[in-house]
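A.B. asks: Next comes the sequence, and after it the predicted model I'd like to discuss.
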Amino acid sequence: SGLNTGEGIYAYATMGRGGRDIYALDITNKDAPTLMWQIKGGTTTGFKQLGQTWSAPIKTKIKIDDTITDVLIFAGGYDEEQDDLNQADSVYKSTADAMGNALYIVNARTGALIWSASNVSGHSVQLAKMKYSIPSTVRAIDLQQKDGGLTSDPEQLADQIFFGDMGGQVWRFFINNGSSGAAFVSPGGDNGDGVFASLGGSDPASARRFYHEPDVSIVRKGSVRNLTVSIGSGYRGHPLNKFITDRFYSLRTTLLTRPDGADAVNEGTLTESALYDATSNQVQSSNNDTRIAAEAALSAAHGWYITLAGSGEKVLSRALTVDGNIFVNTYEPSSVAGQCKASVGRNRSYAMKLADASPITTEVGSNATYTSRFLDSNGQGLGGDPQLFCQGGKCYVIPDPSLDPIPTDPQLSGPLYWSDSLNSN
């Protein structure tokens, strides 16, 4: 079978809008798959806050005390009451969502709950600001500092977790491998409230929502390494919404890993006032004064954002960072005047430099504009995520199936994927 002793092949399934459950299947024997376990949202002990299971479980490893354990990390999912906020005067809900506002870590083999967080009691950690449902898949990373450099640990354990929510908040958590109990995960943010960034506002135009996981990478700001967290907003529950002004963000922090010996993490919470508005691409202006001022403002900021220019344009994909460039896809609803048919809208594929949001195809002094950042896709309906494809020592970013692949050099440290070809005769 190609499997080592104790190995198996397992599949994990969620229900999306179809329900609140998560299933684990043992498909080692493809002719006789079996159900390993099932978590029932609202019913299984410890999972009262589990909503519609939109958040795909992330399989990774952690160390509980001295035991390395295969786990799944996933968010609480979606509260369908969020569908009711598609009016011209709709703002964020004044009350907490009834479900979906939680984070879970479970044993991948048994489904047993290891750790959880929400705004209500009955969880390992109670966080007052975790009021909004979290349909996003989480981003789990393995990052450590050693001898002045960055590395992953030899045991390949997850160290940090990032995700956004339906209230315009971006969350950060640190996993304390080698411990257990409530202190096994430490929330980041302001005095340990978990909120890394708060990017929404009180009016309808700034009621931004995050449905997709952030992309996390490293960028140098001068001689200093910064952790970047890149994420775009968009009301996926109502893709035709034109009331919200959506944006794409790239947030930065010099706190790369959890501080040694700190009982609580206090890195503060980023807001838009701490970010540089890169929408007009002034860092590539041919006017020296304009460019120098833009570079100084960007250098002083904790990241950047661009405001999406299309009417109702929104991010409906995760971002992908490769070789210092960031790729993301958007959707703009549109109508066709004088035609008795529905319009499927317009998809765009953006390609920007991670350092400053400038287009990857233009240089300083080019006076490149906002529109130089993207290409219109020929695809119809809602587009997918940009992908990285490598074969024969060459790598390409595929921004959209209808667009040409973009050659890139990601300097991979090892293989991304592999396959075993088995003789089925």
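C.D. replies: Everything's here; your move.

A.B. asks: list the contacts for Leu251?
C.D. replies: 170, 196-197, 228-231, 270, 275, 302-303 (C-beta atoms under 8 Å, 6 or more residues apart in numbering). Using the backbone N, CA and C atoms, a C-beta is placed for each residue, glycine as well.

A.B. asks: hang on, I meant Ile360
C.D. replies: 325, 351-353.

A.B. asks: Identify those among the contacts of Leu251 that sit within helices.
C.D. replies: For the contacts of Leu251, not one is inside helices, with DSSP state H as the criterion.

A.B. asks: Need the three-state assignment for Leu382.
C.D. replies: coil (DSSP: H, G, I helix; E, B strand; the rest coil).

A.B. asks: roughly how far apart are His302 and Ser273?
C.D. replies: 10 Å (C-beta to C-beta, to the nearest Å).

A.B. asks: Those two: who's more crowded?
C.D. replies: In this view His302 and Ser273 are compared by other C-beta atoms under 10 Å, and His302 has more residues nearby, 19 against 7.

A.B. asks: and the more buried one, what pLDDT?
C.D. replies: Here, the pLDDT recorded for His302 equals 97.

A.B. asks: ok, now Ser421?
C.D. replies: For Ser421, pLDDT reads 40.

A.B. asks: Check the spacing between the residue lying closest to Gly324 once chain neighbours are set aside and Ser317 real quick.
C.D. replies: Of all residues not flanking Gly324 in the chain, Leu354 sits nearest, at 5.5 Å (C-beta to C-beta, 6 or more residues apart in numbering). Distance check for Leu354 against Ser317: by C-beta to C-beta, it reads 17 Å.

A.B. asks: same deal with Thr53?
C.D. replies: Taken as C-beta to C-beta, the span from Thr53 to Ser317 is 20 Å.

A.B. asks: same deal with Cys390?
C.D. replies: Distance from Cys390 to Ser317, by C-beta to C-beta: 20 Å.

A.B. asks: Run the chain-centre distance for stretch 280-291.
C.D. replies: 30 Å (C-alpha atoms, centre = their mean, to the nearest Å).

A.B. asks: one step back: hmm, the residue nearest to Gly324 is touching Val322, no?
C.D. replies: No: with contact defined as C-beta atoms under 8 Å, Leu354 does not reach Val322; the gap is 9.4 Å.

A.B. asks: Could you count how many residues lie near the residue nearest to Gly324?
C.D. replies: Neighbours around Leu354, by other C-beta under 10 Å: 23.

A.B. asks: On the pLDDT front, check it for me.
C.D. replies: At Leu354, pLDDT is 97.

A.B. asks: what does Asn425 give?
C.D. replies: pLDDT, Asn425: 39.

A.B. asks: Next: Asp260.
C.D. replies: Predicted confidence (pLDDT) for Asp260: 74.

A.B. asks: so how far is Thr330 from it?
C.D. replies: To Thr330, Asp260 is 40 Å away according to C-beta to C-beta.

A.B. asks: Between the two, which has more neighbouring residues?
C.D. replies: Thr330 (24 against 6).

A.B. asks: isn't that one right next to Ala309, touching?
C.D. replies: No: taking contacts as C-beta under 8 Å, Thr330 lies outside contact range of Ala309: 9.9 Å.

A.B. asks: Helices of this structure, start to end?
C.D. replies: Counting by DSSP H, the helices of the chain are 288-300.

A.B. asks: Output the below-cut-off pLDDT ranges for it.
C.D. replies: For the chain, the stretches with pLDDT under 70 are 1, 261-264, 335-343, 411-425.

A.B. asks: try 80 this time
C.D. replies: Scanning the chain for pLDDT under 80 picks out 1-6, 260-265, 335-344, 379-381, 410-425.

A.B. asks: thinking again about what came up before, could I get the contacts of Leu251 as TSV with distance to Asn119?
C.D. replies: What follows is the contacts of Leu251, written out as TSV (distance: C-beta to C-beta, whole Å):
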residue	distance to Asn119
Val170	16
Phe196	17
Ala197	18
Thr228	28
Val229	22
Ser230	26
Ile231	21
Leu270	21
Leu275	26
His302	26
Gly303	27
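
A.B. asks: from the residues you listed, which single one is nearest Glu213?
C.D. replies: Ile231 (7.8 Å; C-beta to C-beta).

A.B. asks: which ones are touching the closest one?
C.D. replies: By C-beta under 8 Å, 6+ apart, the neighbours of Ile231 are 164, 170, 210, 212-215, 248-249, 251, 315, 319.

A.B. asks: Report the beta-bridge partner residues of Asp376.
C.D. replies: Counting by DSSP bridges, Asp376 is bridged to Arg348.

A.B. asks: How about the contacts made by it?
C.D. replies: Contacts of Asp376 (C-beta under 8 Å, 6+ apart): 346-348.

A.B. asks: who wins for neighbours among these?
C.D. replies: Among these, the one with the most neighbours (other C-beta under 10 Å) is Asn347, at 26 neighbours.

A.B. asks: right, and it touches Gly384 too?
C.D. replies: No: the criterion here is C-beta under 8 Å, and Asn347 misses it with Gly384 at 9.3 Å.

A.B. asks: who touches both of those two?
C.D. replies: Jointly contacting Asn347 and Gly384 under the rule C-beta under 8 Å, 6+ apart are 329, 400.

A.B. asks: Next, work out how far apart the nearest residue to Asp97 once chain neighbours are set aside and Asp165 are.
C.D. replies: Using C-beta to C-beta, 6+ apart and skipping the chain neighbours, the partner closest in space to Asp97 is Asp79 (4.0 Å). Separation of Asp79 from Asp165 (C-beta to C-beta): 11 Å.

A.B. asks: Look at these two and report which has more neighbours.
C.D. replies: Higher neighbour count among Asp79 and Asp165: Asp165, with 26 against 22, using other C-beta under 10 Å.

A.B. asks: which phi and psi does the more buried one have?
C.D. replies: When read as degrees, to the nearest 10, the backbone of Asp165 gives phi -130, psi -180.

A.B. asks: ok, now which ones touch it?
C.D. replies: Applying C-beta under 8 Å, 6+ apart, the residues near Asp165 are 101, 130, 132-134, 136, 171, 209-210.

A.B. asks: Who wins on neighbours among the contacts of Ile231?
C.D. replies: That'd be Gly164 among the contacts of Ile231, by other C-beta under 10 Å, with 31 neighbours.

A.B. asks: one step back: which of the contacts of Ile231 lies closest to Thr279?
C.D. replies: The nearest one, if we look at these relative to Thr279 and count by C-beta to C-beta, is Phe248, at 9.8 Å.
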